[in-house]
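Asks: pasting the sequence and the predicted coordinates here, then a few questions.
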Amino acid sequence: MDPSVEWNWVLLAYGLTYGALVLFTTSIAIRITKARKKLAGSA
Amino acid sequence: MTGFWTQAFTITRRDLLRERRSGEVLWVTLPFGAIALLLVPLAIGTDTRTLEAIGLGMFWVIVMLFGVLIAVRQTNTETQAQRDQVALAGIDPAAAYVGRSLASFLLLVVFETVLVFVTIVLYDIPLVGFEWMPLVILLVAAGLSLLGTLAAGIVSTGRSAAALVPLLVAPLSVPLLIGATQTFESLRYGRSSLAWILMMTIVTLLLGVAGVLSARTLQETG
Amino acid sequence: MTSPEQSELSPSSVWPWVVMAVAGLVTFVAAMSVSPDAVQGQLSRIMYVHVPAAWLAYLAFGITMFGSAMYLWKKSLKWDRLAHSSAEIGVFFTGLAIALGMTWAKPTWGVWWTWDARLTLTAIMFFVYLGYLALRRTTDNLEVRAKRASILGVVAIIQVPLVHFSVVWWRSLHQAPTIIRPEGPDMDTSMVVTLLIAVASFTVMYVAMMIKRMELAHLEDEITIEEQSHQGPAAGDAVVAPDLAGGV
């Protein structure tokens, strides 16, 4: 297989990995912030 | 209170009586399964050889997916008050679990037996190794009823309970599905199917143990 | 019933985020600097994220089982939070491992999916734990939720070896497709070392993610307790949530 084609697949895989990781960790961070705000508001 | 099995059979009788009144399995789930078997050839084509090849597999898939609906009946019909009453009557939760499973088991045996004839007729499948069919039907019914009742017990009466049980049961029923289909696949190629039968038996026993052990813990949750 | 412990919430720490970023960076640099496999070419680089993701999926579900069993034994909600957090992260990495496996399989074998035993098992596990997460959403009562989830967490993992066994056996009956697995014993030393580095950094990343996810689980539990103390019966009561039958 042509190395440039191979690189495209590698790029896709790493884009997928790091994209998903960023999204998932951001979602945790956002949920933490929201939860803390909610707790602070109700206390 | 009376012995374990007396309690279990009381629950079984109650469940079967309820089924006789509502006819849910016999007049709703069973026709639903039969029409699923009718829909498949409409979608994939009516080539006799294709149907012959996929017939038995389709039968087992439909048993797994629709059979869950039989085990899940109680989640739909039983209210929290009814559960509390069973608990207050001093019924051993494990006995209730066994009794419920037994009722589902009997209904599943009927369900599978009728559908296997529908499959034979519609798909014209070769009856190779069908002397094993009664045993496999019993094993699948036992495994699926124990698993379904356990899942229904875990989900209990929470939100979207009836929709959730099939999702919990389907992936965990894979050993039963593979065991049932491969029993006949091996017989077709002249191989022994004892290993598959044994595997389904082990799965069923483990599910029974898990269900009985978790029953008491689950009842505390109300 | 035990009452939910009202332990003090520590202020949110930043270092787990830093650890995650560093671990991700280490993996990336290691995977990009190693020389490519002779047969697989550049595609072998996918292995350095695919294998760690799959490893974390299994590790996370193992931790879920551990947390579930510990909850059933100790009845402390912190074990339930461990099980829950690990299950969510596990589902994430299972999905990632499957997606990465597909992007590797397509250029290598020409198909997105093969009915390889391990692949099938991973897909089944994905759905088992999706069901686990769905089960947790069916009630607001913390104890009830924890108990139901723990039983499922334990039962599910008992079934996993059986599923695995049956699937492997099912594959061996059919003609298994000949698969060139690059992680064979003939793998180059530098590749083995890189893979180990990737697995180790992903594991560190998992730990950091768990710390943050458990902090979130703790906050969510606190919110639930807070809400229920406003509308429920007297404080200190068994905190029975209104089991909103029929859904809201």
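Replies: On my side now, so go ahead.

Asks: could you use CA atoms for every contact and neighbour count after this?
Replies: Noted.

Asks: C:V111 contacts C:G101, doesn't it?
Replies: No - using C-alpha atoms under 8 Å, C:V111 is not in contact with C:G101, being 10.7 Å away.

Asks: neighbour count: those two, which is higher?
Replies: Using other C-alpha atoms under 10 Å in any protein chain shown, the more surrounded residue of C:V111 and C:G101 is C:G101, with 23 against 12.

Asks: distance-wise, check that one relative to C:T120.
Replies: 12 Å (C-alpha to C-alpha, to the nearest Å).

Asks: swap in C:S86?
Replies: Per C-alpha to C-alpha, C:S86 is found 21 Å from C:T120.

Asks: A:L11 now?
Replies: Applying C-alpha to C-alpha, the value for A:L11 to C:T120 is 25 Å.

Asks: repeat for C:I89
Replies: 20 Å.

Asks: pick out whichever of C:S86 and C:T120 has more residues nearby.
Replies: Of the pair C:S86 and C:T120, C:S86 is the one with more neighbours under other C-alpha under 10 Å, namely 28 against 19.

Asks: report pLDDT for B:P134.
Replies: Listed pLDDT for B:P134 reads 93.

Asks: same check on B:I120?
Replies: Per-residue confidence at B:I120 stands at 93 (pLDDT).

Asks: which SSE is it in?
Replies: Using DSSP states H and E, B:I120 maps to helix B:93-123.

Asks: any idea how far that helix is from the chain center?
Replies: Between the centre of helix B:93-123 and the centre of its chain there are 6 Å (C-alpha atoms, centre = their mean, to the nearest Å).

Asks: same check, this time on stretch B:45-61
Replies: Computed by C-alpha atoms, centre = their mean, the separation of stretch B:45-61 from the middle of its chain amounts to 21 Å.

Asks: only the buried residues of it, if you could.
Replies: B:51-52, B:55-61 (16 or more other C-alpha atoms under 10 Å in any protein chain shown).

Asks: does chain C sit close to that stretch?
Replies: No - using C-alpha under 8 Å from any C-alpha of the partner chain, stretch B:45-61 stays clear of chain C, with a minimum separation of 13.7 Å.

Asks: so what touches that stretch?
Replies: Stretch B:45-61 is contacted from outside by B:37, B:41, B:115-116, B:119-120, B:123-126, B:177, B:180-181, using C-alpha atoms under 8 Å, 6 or more residues apart in numbering or on different chains.

Asks: contacts for stretch A:24-43?
Replies: With C-alpha under 8 Å, 6+ apart as the test, stretch A:24-43 has contacts from C:92, C:209, C:212-213, C:215-216, C:219-220, C:222-223, C:226.

Asks: try it again with 10 Å
Replies: Here stretch A:24-43 makes contact (C-alpha atoms under 10 Å, 6 or more residues apart in numbering or on different chains) with A:18, A:20-23, C:9, C:11-12, C:17, C:20, C:89, C:92, C:209, C:212-224, C:226-227.

Asks: which stretches of chain C form helices?
Replies: C:15-33, C:47-74, C:77-109, C:117-136, C:142-173, C:189-231 (DSSP state H).

Asks: tell me which of those sits nearest to B:S186.
Replies: Smallest distance to B:S186 across the helices of chain C (C-alpha to C-alpha): 8.4 Å, for helix C:142-173.

Asks: so is the closest one next to chain A?
Replies: No - using C-alpha under 10 Å from any C-alpha of the partner chain, helix C:142-173 stays clear of chain A, coming no nearer than 16.7 Å.

Asks: quick check: mean pLDDT across that helix?
Replies: Helix C:142-173 carries an average pLDDT of 78.

Asks: which other helices and strands contact it?
Replies: The contact analysis (3 or more C-alpha pairs under 10 Å, 6 or more residues apart in numbering or on different chains; DSSP states H and E) places helix C:142-173 against helix B:133-155, helix B:161-172, helix B:174-188, helix B:194-220, helix C:47-74, helix C:77-109, helix C:117-136, helix C:189-231.

Asks: in a markdown table, list the ones you listed along with distance to chain A.
Replies: Putting the helices and strands packed on helix C:142-173 into a markdown table (distance: least, C-alpha to the nearest C-alpha, whole Å) gives the following:
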| stretch | distance to chain A |
| --- | --- |
| helix B:133-155 | 26 |
| helix B:161-172 | 24 |
| helix B:174-188 | 29 |
| helix B:194-220 | 30 |
| helix C:47-74 | 7 |
| helix C:77-109 | 6 |
| helix C:117-136 | 15 |
| helix C:189-231 | 5 |
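
Asks: deepest-packed of those, please.
Replies: helix B:133-155 (a mean of 25; mean count of other C-alpha atoms under 10 Å in any protein chain shown).

Asks: any idea which residue sits dead centre in chain B?
Replies: B:L144 (3.6 Å; C-alpha atoms, centre = their mean).

Asks: what's the pLDDT at that residue?
Replies: 94.

Asks: ok, it to B:A163 distance?
Replies: Per C-alpha to C-alpha, B:L144 is found 17 Å from B:A163.

Asks: what do you get for C:V22?
Replies: From C:V22 over to B:A163 the distance is 42 Å, taken as C-alpha to C-alpha.

Asks: low-confidence ranges, chain B, go.
Replies: Residues of chain B meeting the criterion pLDDT under 70: B:1, B:74-77, B:157-159, B:220-222.

Asks: can you pull the buried residues of stretch A:23-32?
Replies: Buried residues in stretch A:23-32, counted by 16+ other C-alpha under 10 Å: A:25, A:28-29, A:31-32.

Asks: from those, which ones fall inside helices?
Replies: The helices, defined by DSSP H, take in A:25, A:28-29, A:31-32 from the buried residues of stretch A:23-32.

Asks: nearest to chain B, of the residues you listed?
Replies: For those, the closest approach to chain B (C-alpha to the nearest C-alpha) belongs to A:R31, at 22.6 Å.

Asks: show me where chain A dips below the pLDDT cut-off.
Replies: By pLDDT under 70, the weakly predicted segments of chain A are A:1, A:42-43.

Asks: please enumerate the helices of it.
Replies: Under DSSP H, chain A gives helices at A:3-42.

Asks: and residue 20, what does it touch?
Replies: Let's take chain A. So A:A20 contacts A:14, A:26, C:92-93, C:95-96 (C-alpha under 10 Å, 6+ apart).

Asks: oops, wrong one, chain B.
Replies: Applying C-alpha under 10 Å, 6+ apart, the residues contacting B:R20 are B:14, B:26.

Asks: any idea how far chain A is from it?
Replies: 50 Å (C-alpha to the nearest C-alpha, to the nearest Å).

Asks: so B:L69 touches B:V165, yeah?
Replies: Yes - with contact defined as C-alpha atoms under 10 Å, B:L69 reaches B:V165; the gap is 8.7 Å.

Asks: any idea which residue sits dead centre in chain C?
Replies: For chain C, the residue nearest the mean C-alpha position is C:G90 (0.9 Å; C-alpha atoms, centre = their mean).

Asks: now do the helix or strand containing B:A53 and helix B:161-172, the angle between them.
Replies: If you go by DSSP H and E, B:A53 is part of helix B:48-71. Following axes from the mean of the first three to the mean of the last three C-alpha atoms, to 10 degrees, one obtains 130 degrees for the angle between helix B:48-71 and helix B:161-172.

Asks: any idea how far helix B:48-71 is from the middle of the chain?
Replies: Centroid separation for helix B:48-71 versus its chain: 13 Å, with C-alpha atoms, centre = their mean.

Asks: quick check: angle from it to helix B:93-123?
Replies: 160 degrees.

Asks: for chain A, which residue gets nearest to chain C?
Replies: A:I32 (5.2 Å).

Asks: buried ones in the lowest-mean-pLDDT helix or strand in chain C?
Replies: Lowest by mean pLDDT, DSSP states H and E among the helices and strands of chain C is helix C:142-173, with a mean of 78. Residues C:142-160, C:162-171 are the ones in helix C:142-173 that count as buried (16+ other C-alpha under 10 Å).

Asks: ok, the closest residue to C:W104 other than its chain neighbours - contacts?
Replies: Setting aside the residues directly before and after it, C:W104 is nearest to C:I46 in space (C-alpha to C-alpha, 6 or more residues apart in numbering or on different chains), at 6.6 Å. By C-alpha under 10 Å, 6+ apart, the contact set of C:I46 is A:9-14, A:17, C:31-32, C:100-101, C:103-104.
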